[in-house]
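Peer 1: Please find the sequence and the predicted model below.
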Amino acid sequence: MSKKDLPNGPMMGRRDLLLAGAAASLAGLVPAAARAQAPAANPAQPVLFAPATGKWRTFQITTTVEILKPEGKVQVWLPVAAFTNPDWFKPGQNTWTANAASAKLVTDPRSGAEMLHLVFAEGEKAPRVELTSRATTRDFAVDLTRPGATRSLAADEHRRNIEGTDLIPVTGIVKETSDRIVAGRTGDLEKARAIFDWVVENTYRNPMTRGCGIGDIAALLKSGDLGGKCADLNALFVGLVRAQGIPARDIYGLRVVPSGFGYKSLGANSDVVTKAQHCRAEVFLSQFGWVPMDPADVRKVVLEEPPGKLTLDDPKVVAARKGLFGGWEGNWFAFNTAHDVVLPGYDGPHLGFLMYPQAVTAAGLLDCLDPDNFRYGIRSAEIAV
(Lines give C-alpha, C1' and ligand atoms only; values in the text may rest on other atoms or scores of the structure.)
Protein backbone atom coordinates (compact mmCIF):
# COMPACT_ATOMS: atom_id res chain seq x y z
CA MET A 1 0.00 0.00 0.00
CA SER A 2 1.90 3.05 1.26
CA LYS A 3 5.26 1.66 0.14
CA LYS A 4 4.26 1.28 -3.48
CA ASP A 5 4.24 3.86 -6.25
CA LEU A 6 0.90 5.47 -6.89
CA PRO A 7 -0.44 4.19 -10.24
CA ASN A 8 -1.46 6.66 -12.92
CA GLY A 9 -5.09 6.56 -14.01
CA PRO A 10 -8.13 8.56 -15.06
CA MET A 11 -9.08 9.36 -11.46
CA MET A 12 -5.85 11.24 -10.86
CA GLY A 13 -5.59 15.00 -11.05
CA ARG A 14 -6.99 17.32 -8.44
CA ARG A 15 -8.95 14.71 -6.55
CA ASP A 16 -7.15 13.52 -3.46
CA LEU A 17 -6.56 9.80 -3.55
CA LEU A 18 -6.26 7.74 -0.40
CA LEU A 19 -2.92 5.96 -0.52
CA ALA A 20 -2.68 3.99 2.67
CA GLY A 21 -4.72 3.05 5.69
CA ALA A 22 -7.98 4.31 7.05
CA ALA A 23 -8.21 7.52 9.00
CA ALA A 24 -8.14 7.13 12.76
CA SER A 25 -11.45 7.50 14.52
CA LEU A 26 -11.92 11.09 15.60
CA ALA A 27 -13.13 9.83 18.93
CA GLY A 28 -9.67 8.42 19.61
CA LEU A 29 -7.86 11.66 18.93
CA VAL A 30 -7.57 14.71 21.12
CA PRO A 31 -5.31 17.74 20.74
CA ALA A 32 -1.89 16.94 22.15
CA ALA A 33 -1.87 20.07 24.24
CA ALA A 34 -5.15 19.09 25.84
CA ARG A 35 -3.79 15.70 26.97
CA ALA A 36 -0.51 16.95 28.38
CA GLN A 37 0.30 16.35 31.99
CA ALA A 38 -1.09 19.19 34.04
CA PRO A 39 1.49 21.96 34.45
CA ALA A 40 2.31 23.43 37.79
CA ALA A 41 -0.41 25.59 39.33
CA ASN A 42 1.82 28.67 39.19
CA PRO A 43 3.53 28.90 35.75
CA ALA A 44 6.12 31.29 37.21
CA GLN A 45 7.22 28.58 39.64
CA PRO A 46 7.09 25.26 37.72
CA VAL A 47 7.91 21.93 39.22
CA LEU A 48 11.65 21.64 38.76
CA PHE A 49 12.58 19.70 35.65
CA ALA A 50 13.33 16.09 36.61
CA PRO A 51 12.39 13.54 33.93
CA ALA A 52 12.23 9.86 34.89
CA THR A 53 11.36 6.82 32.80
CA GLY A 54 7.57 6.87 32.52
CA LYS A 55 4.55 5.46 30.74
CA TRP A 56 4.25 5.14 26.97
CA ARG A 57 2.11 7.66 25.09
CA THR A 58 1.12 7.66 21.41
CA PHE A 59 1.10 10.79 19.28
CA GLN A 60 0.03 11.61 15.76
CA ILE A 61 1.29 14.48 13.63
CA THR A 62 -0.44 15.59 10.45
CA THR A 63 1.54 17.56 7.89
CA THR A 64 -0.29 19.33 5.06
CA VAL A 65 1.65 20.80 2.13
CA GLU A 66 0.31 22.90 -0.73
CA ILE A 67 2.44 24.32 -3.53
CA LEU A 68 1.09 27.80 -4.27
CA LYS A 69 3.13 28.52 -7.40
CA PRO A 70 3.71 25.21 -9.20
CA GLU A 71 6.16 25.55 -12.07
CA GLY A 72 7.38 22.65 -14.18
CA LYS A 73 8.13 19.42 -12.36
CA VAL A 74 7.06 19.68 -8.73
CA GLN A 75 8.48 17.33 -6.09
CA VAL A 76 7.93 17.19 -2.33
CA TRP A 77 9.85 15.33 0.40
CA LEU A 78 8.51 14.96 3.94
CA PRO A 79 10.39 13.47 6.91
CA VAL A 80 8.50 10.58 8.51
CA ALA A 81 8.54 8.76 11.82
CA ALA A 82 11.45 6.38 11.30
CA PHE A 83 13.91 6.64 14.20
CA THR A 84 13.86 3.78 16.70
CA ASN A 85 15.20 3.45 20.23
CA PRO A 86 13.29 0.77 22.16
CA ASP A 87 14.10 2.54 25.43
CA TRP A 88 11.95 5.55 24.61
CA PHE A 89 10.75 5.85 20.98
CA LYS A 90 8.89 3.45 18.66
CA PRO A 91 7.80 4.69 15.21
CA GLY A 92 4.34 3.80 13.95
CA GLN A 93 2.51 3.90 10.64
CA ASN A 94 2.81 6.63 8.01
CA THR A 95 -0.25 7.19 5.80
CA TRP A 96 -1.15 9.92 3.37
CA THR A 97 -3.55 11.38 0.78
CA ALA A 98 -2.27 13.27 -2.24
CA ASN A 99 -3.03 14.25 -5.82
CA ALA A 100 0.47 13.30 -6.96
CA ALA A 101 1.43 11.22 -9.98
CA SER A 102 3.57 9.07 -7.70
CA ALA A 103 4.18 8.85 -3.98
CA LYS A 104 6.32 6.41 -2.03
CA LEU A 105 8.37 6.03 1.11
CA VAL A 106 12.07 6.15 0.25
CA THR A 107 15.38 5.96 2.08
CA ASP A 108 18.46 7.96 1.16
CA PRO A 109 21.11 5.20 1.10
CA ARG A 110 23.89 7.66 1.93
CA SER A 111 22.43 9.12 5.11
CA GLY A 112 19.71 6.62 6.03
CA ALA A 113 17.04 9.34 6.13
CA GLU A 114 13.52 8.05 5.45
CA MET A 115 10.99 10.30 3.79
CA LEU A 116 7.81 10.43 1.73
CA HIS A 117 8.69 11.44 -1.84
CA LEU A 118 5.97 12.79 -4.13
CA VAL A 119 6.18 13.73 -7.81
CA PHE A 120 3.31 15.76 -9.29
CA ALA A 121 2.26 15.78 -12.92
CA GLU A 122 3.39 18.85 -14.84
CA GLY A 123 0.41 21.13 -15.18
CA GLU A 124 -1.12 20.12 -11.85
CA LYS A 125 -2.52 23.44 -10.65
CA ALA A 126 -2.79 22.69 -6.94
CA PRO A 127 -0.24 20.10 -5.76
CA ARG A 128 -1.22 18.93 -2.29
CA VAL A 129 -0.39 16.19 0.22
CA GLU A 130 -1.47 15.35 3.75
CA LEU A 131 0.82 13.01 5.67
CA THR A 132 -0.08 11.42 8.99
CA SER A 133 2.67 9.88 11.11
CA ARG A 134 2.29 8.08 14.43
CA ALA A 135 4.77 7.10 17.11
CA THR A 136 4.88 5.95 20.72
CA THR A 137 7.26 7.59 23.17
CA ARG A 138 7.85 8.20 26.86
CA ASP A 139 9.90 10.19 29.33
CA PHE A 140 13.28 8.54 29.72
CA ALA A 141 16.24 8.95 32.05
CA VAL A 142 19.43 6.96 32.66
CA ASP A 143 20.81 6.62 36.18
CA LEU A 144 24.41 7.58 35.54
CA THR A 145 25.39 6.65 39.09
CA ARG A 146 24.79 2.96 38.35
CA PRO A 147 27.04 1.75 35.53
CA GLY A 148 26.30 -1.63 34.02
CA ALA A 149 28.20 -4.16 31.98
CA THR A 150 30.32 -2.88 29.12
CA ARG A 151 28.36 -2.45 25.90
CA SER A 152 29.41 -1.88 22.33
CA LEU A 153 27.89 -0.91 19.00
CA ALA A 154 28.12 -2.88 15.78
CA ALA A 155 31.15 -1.79 13.77
CA ASP A 156 29.14 0.04 11.10
CA GLU A 157 26.97 1.87 13.63
CA HIS A 158 30.03 2.82 15.66
CA ARG A 159 31.80 4.20 12.59
CA ARG A 160 28.75 6.15 11.45
CA ASN A 161 28.42 7.86 14.83
CA ILE A 162 32.05 8.94 15.25
CA GLU A 163 32.81 10.12 11.71
CA GLY A 164 32.63 13.71 10.54
CA THR A 165 30.04 15.18 8.18
CA ASP A 166 30.07 18.28 5.99
CA LEU A 167 28.80 20.46 8.82
CA ILE A 168 30.13 18.45 11.76
CA PRO A 169 33.83 17.78 11.14
CA VAL A 170 35.82 16.00 13.84
CA THR A 171 39.26 17.33 12.90
CA GLY A 172 40.88 20.76 12.84
CA ILE A 173 39.43 23.36 15.18
CA VAL A 174 36.75 20.93 16.40
CA LYS A 175 39.33 18.37 17.54
CA GLU A 176 41.57 21.06 19.02
CA THR A 177 38.69 22.54 21.01
CA SER A 178 37.51 19.12 22.16
CA ASP A 179 40.97 18.16 23.37
CA ARG A 180 41.24 21.35 25.43
CA ILE A 181 37.84 20.76 27.02
CA VAL A 182 38.56 17.18 28.12
CA ALA A 183 42.18 17.69 29.16
CA GLY A 184 42.81 15.67 32.31
CA ARG A 185 39.48 13.81 32.06
CA THR A 186 39.30 10.03 31.77
CA GLY A 187 36.50 7.76 30.63
CA ASP A 188 33.68 8.49 28.20
CA LEU A 189 31.19 9.65 30.86
CA GLU A 190 33.61 12.16 32.35
CA LYS A 191 34.53 13.50 28.91
CA ALA A 192 30.90 13.79 27.83
CA ARG A 193 30.11 15.64 31.05
CA ALA A 194 32.95 18.10 30.48
CA ILE A 195 31.82 18.80 26.91
CA PHE A 196 28.17 19.17 27.95
CA ASP A 197 29.13 21.68 30.66
CA TRP A 198 31.39 23.59 28.27
CA VAL A 199 28.61 23.95 25.68
CA VAL A 200 26.13 25.11 28.34
CA GLU A 201 28.59 27.63 29.78
CA ASN A 202 30.13 29.00 26.58
CA THR A 203 27.29 29.19 24.05
CA TYR A 204 24.03 31.11 23.91
CA ARG A 205 20.69 30.78 22.18
CA ASN A 206 20.39 33.47 19.52
CA PRO A 207 16.72 34.39 18.93
CA MET A 208 17.64 35.94 15.57
CA THR A 209 18.80 32.61 14.12
CA ARG A 210 16.42 31.38 11.43
CA GLY A 211 14.67 28.11 12.09
CA CYS A 212 16.81 25.79 14.19
CA GLY A 213 20.06 27.03 12.70
CA ILE A 214 22.48 25.63 10.11
CA GLY A 215 24.76 23.44 12.22
CA ASP A 216 28.10 24.49 10.67
CA ILE A 217 30.17 23.93 13.80
CA ALA A 218 33.63 24.69 12.40
CA ALA A 219 32.42 28.09 11.21
CA LEU A 220 30.81 28.63 14.60
CA LEU A 221 34.06 27.94 16.45
CA LYS A 222 36.16 30.00 14.04
CA SER A 223 33.85 32.99 14.44
CA GLY A 224 34.24 33.00 18.21
CA ASP A 225 30.54 33.92 18.42
CA LEU A 226 28.96 30.74 19.80
CA GLY A 227 25.33 31.68 19.32
CA GLY A 228 22.62 29.74 17.54
CA LYS A 229 19.75 27.36 18.11
CA CYS A 230 19.43 23.61 18.60
CA ALA A 231 20.81 22.54 15.20
CA ASP A 232 23.89 24.64 15.95
CA LEU A 233 24.44 24.02 19.66
CA ASN A 234 23.61 20.32 19.78
CA ALA A 235 25.59 19.76 16.59
CA LEU A 236 28.53 21.45 18.30
CA PHE A 237 28.08 19.13 21.27
CA VAL A 238 27.89 16.05 19.02
CA GLY A 239 30.95 17.09 17.03
CA LEU A 240 33.06 17.74 20.13
CA VAL A 241 32.07 14.35 21.56
CA ARG A 242 32.75 12.53 18.28
CA ALA A 243 36.17 14.18 18.12
CA GLN A 244 37.04 12.10 21.21
CA GLY A 245 36.06 8.89 19.41
CA ILE A 246 32.85 8.61 21.48
CA PRO A 247 29.73 7.81 19.41
CA ALA A 248 27.15 10.60 19.41
CA ARG A 249 24.25 11.61 17.21
CA ASP A 250 21.79 14.39 16.55
CA ILE A 251 18.15 13.30 16.43
CA TYR A 252 15.92 15.57 14.37
CA GLY A 253 12.28 15.92 15.29
CA LEU A 254 9.38 17.99 16.55
CA ARG A 255 7.91 19.07 19.89
CA VAL A 256 4.31 17.84 20.11
CA VAL A 257 2.99 18.57 23.61
CA PRO A 258 3.62 20.97 26.52
CA SER A 259 6.17 20.14 29.19
CA GLY A 260 4.70 18.20 32.07
CA PHE A 261 6.97 20.19 34.37
CA GLY A 262 5.41 23.50 33.39
CA TYR A 263 8.45 24.77 31.47
CA LYS A 264 7.02 26.94 28.69
CA SER A 265 10.30 26.80 26.79
CA LEU A 266 10.50 22.99 26.69
CA GLY A 267 7.26 22.03 24.99
CA ALA A 268 4.79 22.74 22.22
CA ASN A 269 2.18 24.96 23.78
CA SER A 270 -0.33 24.68 20.93
CA ASP A 271 -1.70 21.90 18.73
CA VAL A 272 -0.24 23.80 15.78
CA VAL A 273 3.41 22.68 15.74
CA THR A 274 4.44 23.98 12.32
CA LYS A 275 7.44 25.80 13.82
CA ALA A 276 8.12 23.46 16.75
CA GLN A 277 11.08 21.61 15.20
CA HIS A 278 13.81 20.63 17.65
CA CYS A 279 16.84 18.37 17.50
CA ARG A 280 18.19 16.46 20.48
CA ALA A 281 21.39 14.50 21.04
CA GLU A 282 22.37 11.07 22.31
CA VAL A 283 25.81 9.84 23.39
CA PHE A 284 26.75 6.17 23.51
CA LEU A 285 28.52 5.51 26.82
CA SER A 286 30.20 2.14 27.24
CA GLN A 287 28.54 1.27 30.57
CA PHE A 288 25.11 2.76 29.84
CA GLY A 289 24.29 2.54 26.12
CA TRP A 290 22.62 5.46 24.33
CA VAL A 291 22.11 8.30 26.81
CA PRO A 292 19.90 11.38 26.15
CA MET A 293 21.56 14.80 26.40
CA ASP A 294 20.35 18.24 25.32
CA PRO A 295 22.60 21.20 26.16
CA ALA A 296 20.79 23.36 23.58
CA ASP A 297 17.58 23.16 25.60
CA VAL A 298 19.43 24.31 28.70
CA ARG A 299 20.34 27.47 26.81
CA LYS A 300 16.71 27.75 25.65
CA VAL A 301 15.57 27.72 29.28
CA VAL A 302 18.10 30.46 30.05
CA LEU A 303 16.78 32.73 27.30
CA GLU A 304 13.09 31.96 27.13
CA GLU A 305 11.77 30.52 30.37
CA PRO A 306 9.62 33.19 32.06
CA PRO A 307 10.49 35.82 33.06
CA GLY A 308 13.34 35.37 30.53
CA LYS A 309 17.10 35.87 30.44
CA LEU A 310 17.74 33.71 33.48
CA THR A 311 21.17 33.11 34.96
CA LEU A 312 22.86 29.73 35.06
CA ASP A 313 22.34 29.58 38.81
CA ASP A 314 18.59 30.14 38.58
CA PRO A 315 16.85 27.07 40.11
CA LYS A 316 14.92 26.40 36.90
CA VAL A 317 18.13 26.41 34.85
CA VAL A 318 20.01 24.30 37.39
CA ALA A 319 17.23 21.69 37.31
CA ALA A 320 17.08 21.65 33.51
CA ARG A 321 20.85 21.34 33.27
CA LYS A 322 20.81 18.36 35.61
CA GLY A 323 17.80 16.68 34.02
CA LEU A 324 18.97 17.09 30.41
CA PHE A 325 22.26 15.33 31.06
CA GLY A 326 20.93 11.78 30.98
CA GLY A 327 17.20 12.34 30.51
CA TRP A 328 14.39 14.16 28.73
CA GLU A 329 10.63 14.29 28.36
CA GLY A 330 8.66 12.20 25.88
CA ASN A 331 6.89 15.29 24.55
CA TRP A 332 8.81 15.12 21.30
CA PHE A 333 8.53 13.20 18.01
CA ALA A 334 11.69 11.84 16.35
CA PHE A 335 12.31 11.65 12.59
CA ASN A 336 15.92 10.60 11.91
CA THR A 337 19.61 11.03 12.76
CA ALA A 338 20.69 11.74 9.19
CA HIS A 339 23.32 14.17 7.92
CA ASP A 340 24.35 15.08 4.36
CA VAL A 341 20.92 14.06 3.06
CA VAL A 342 20.36 13.52 -0.66
CA LEU A 343 16.78 14.13 -1.81
CA PRO A 344 15.95 11.33 -4.29
CA GLY A 345 15.08 12.76 -7.69
CA TYR A 346 16.77 16.11 -7.01
CA ASP A 347 20.18 16.88 -8.50
CA GLY A 348 20.89 19.92 -6.35
CA PRO A 349 23.10 20.12 -3.25
CA HIS A 350 22.42 17.72 -0.41
CA LEU A 351 20.94 18.93 2.88
CA GLY A 352 22.81 19.17 6.15
CA PHE A 353 19.85 17.44 7.83
CA LEU A 354 16.19 16.61 7.18
CA MET A 355 13.78 18.07 9.73
CA TYR A 356 11.49 20.29 7.62
CA PRO A 357 9.22 19.63 4.62
CA GLN A 358 11.11 20.16 1.37
CA ALA A 359 9.81 21.00 -2.11
CA VAL A 360 11.25 21.92 -5.49
CA THR A 361 9.72 23.46 -8.61
CA ALA A 362 11.21 24.82 -11.82
CA ALA A 363 12.10 27.88 -9.73
CA GLY A 364 14.36 25.76 -7.50
CA LEU A 365 14.26 24.44 -3.95
CA LEU A 366 11.62 26.32 -1.95
CA ASP A 367 12.46 27.99 1.37
CA CYS A 368 11.48 25.40 3.98
CA LEU A 369 11.56 28.08 6.69
CA ASP A 370 8.80 30.07 5.00
CA PRO A 371 5.71 27.92 5.64
CA ASP A 372 3.27 30.68 4.63
CA ASN A 373 4.56 31.02 1.06
CA PHE A 374 5.49 27.35 0.83
CA ARG A 375 2.18 26.75 2.66
CA TYR A 376 2.65 23.86 4.95
CA GLY A 377 1.26 23.25 8.40
CA ILE A 378 1.71 20.59 11.08
CA ARG A 379 -0.74 19.65 13.83
CA SER A 380 -0.26 17.23 16.71
CA ALA A 381 -2.70 15.07 18.65
CA GLU A 382 -2.40 12.41 21.29
CA ILE A 383 -4.10 9.09 20.56
CA ALA A 384 -6.10 7.62 23.41
CA VAL A 385 -5.18 3.94 23.74
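Peer 2: That came in fine, so what should we check first? Numbers count the residues shown, from 1 in each chain.
Peer 1: Verify the stated contact: residue 53 with residue 137.
Peer 2: No - using CB atoms under 8 Å, residue 53 is not in contact with residue 137; the gap is 11.6 Å. (C-beta placed from N, C-alpha, C; glycine too.)
Peer 1: quick one: common contacting residues for those two?
Peer 2: The overlap between the contact sets of residue 53 and residue 137 (CB atoms under 8 Å, 6 or more residues apart in numbering) consists of residue 88.
Peer 1: For those two, indicate the residue with more neighbours.
Peer 2: Using other CB atoms under 10 Å as the criterion, residue 53 and residue 137 rank with residue 137 on top: 25 against 14.
Peer 1: Could you check what's spatially nearest to that one, not counting adjacent residues?
Peer 2: Spatial nearest neighbour of residue 137, excluding adjacent residues (CB to CB, 6 or more residues apart in numbering): residue 330 at 4.1 Å.
Peer 1: which residues touch the one you found?
Peer 2: 54, 56-57, 88-89, 137-140.
Peer 1: From the residues you listed, list just the buried residues.
Peer 2: 54, 57, 88-89, 137-140 (16 or more other CB atoms under 10 Å).
Peer 1: starting at the chain centroid, how far to stretch 230-250?
Peer 2: 14 Å (CA atoms, centre = their mean, to the nearest Å).
Peer 1: And the average pLDDT for that stretch is what?
Peer 2: Mean pLDDT, stretch 230-250: 98.
Peer 1: same question, stretch 266-276
Peer 2: Averaging pLDDT along stretch 266-276 yields 96.
Peer 1: The chain should start at 122 in everything you say after this.
Peer 2: Understood, numbering begins at 122; the last thing we discussed is stretch 387-397.
Peer 1: contacts for it?
Peer 2: Against stretch 387-397 from outside (CB under 8 Å, 6+ apart): 152-155, 157, 170, 182, 375-380, 418, 421-422, 441, 450, 452, 492, 497-502.
Peer 1: Strands of the stretch 222-371 of the chain, residue ranges please.
Peer 2: 223-228, 235-241, 249-258, 261-262, 325-326, 348-349, 369-376 (DSSP state E, counting those that start in this stretch).
Peer 1: wait, which of those is closest to residue 272?
Peer 2: Evaluated over the strands of the stretch 222-371 of the chain, closeness to residue 272 peaks at strand 369-376, with 14.9 Å, by CB to CB.
Peer 1: Pairing partners for the next helix or strand after that closest one, with directions?
Peer 2: Counting by DSSP states H and E, the element after strand 369-376 in chain order, helix or strand, is strand 398-406. Strand pairing for strand 398-406, determined by DSSP bridges: strand 369-376 (antiparallel), strand 410-414 (antiparallel).
Peer 1: residues contacting residue 460?
Peer 2: 232, 286-289, 371, 473-474.
Peer 1: Would you confirm that residue 474 contacts residue 374?
Peer 2: No - using CB under 8 Å, residue 474 makes no contact with residue 374, being 10.8 Å away.
Peer 1: Can you check which residues contact both of the two?
Peer 2: residue 400.
Peer 1: Quote the end-to-end distance of stretch 242-249.
Peer 2: With CA to CA, to the nearest Å as the measure, stretch 242-249 spans 12 Å from end to end.
Peer 1: Flag every buried residue along it.
Peer 2: 242, 245, 248-249.
Peer 1: Straight-line length of stretch 356-369, end to end?
Peer 2: Per CA to CA, stretch 356-369 runs 10 Å from first to last residue.
Peer 1: Repeat that for stretch 324-344.
Peer 2: Termini of stretch 324-344 sit 12 Å apart (CA to CA).
Peer 1: Redo the strands of the stretch 222-371 of the chain as a markdown table? Include distance to residue 308.
Peer 2: Shown next, in a markdown table, are the strands of the stretch 222-371 of the chain (distance: least, CB to CB, whole Å):
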| stretch | distance to residue 308 |
| --- | --- |
| strand 223-228 | 36 |
| strand 235-241 | 35 |
| strand 249-258 | 30 |
| strand 261-262 | 20 |
| strand 325-326 | 29 |
| strand 348-349 | 29 |
| strand 369-376 | 15 |
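Peer 1: any idea which helix is longest in the chain?
Peer 2: Ranked by residue count and defined by DSSP state H, the top helix of the chain is helix 309-323.
Peer 1: low-scoring stretches of this structure, by residue?
Peer 2: Scanning the chain for pLDDT under 70 picks out the ranges 122-167.
Peer 1: hey, where'd the helices end up in it?
Peer 2: 276-281, 294-303, 309-323, 338-344, 351-363, 416-425, 436-444, 492-495.
Peer 1: of all the ones you listed, which lies closest to residue 464?
Peer 2: Using CB to CB, the helices of the chain put helix 492-495 closest to residue 464, at 15.0 Å.
Peer 1: Show residues contacting that closest one.
Peer 2: Here helix 492-495 has contacts from 186, 188-189, 395-396, 478, 480, 487-489, 498, using CB under 8 Å, 6+ apart.
Peer 1: Keep only those of those residues that are in strands.
Peer 2: 186, 480, 498 (DSSP state E).
Peer 1: now the residues you listed: which count as buried?
Peer 2: Using 16+ other CB under 10 Å, the buried members of the ones in strands among the contacts of helix 492-495 are 186, 480, 498.
Peer 1: can you list these in JSON lines and add distance to residue 268?
Peer 2: Output for those, formatted as JSON lines (distance: CB to CB, whole Å):
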{"residue": "186", "distance to residue 268": "46"}
{"residue": "480", "distance to residue 268": "47"}
{"residue": "498", "distance to residue 268": "45"}
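Peer 1: which one of those is nearest residue 303?
Peer 2: residue 480 (42.1 Å).
Peer 1: before we move on, the earlier item: right, and out of the contacts of residue 460, which lies closest to residue 426?
Peer 2: Closest to residue 426, out of all of these and judged by CB to CB, is residue 371, at 23.0 Å.
Peer 1: Look up how far residue 445 lies from that closest one.
Peer 2: 15 Å (CB to CB, to the nearest Å).
Peer 1: Run a quick neighbour tally on residue 350.
Peer 2: Residue 350 has 25 neighbouring residues, counting by other CB under 10 Å.
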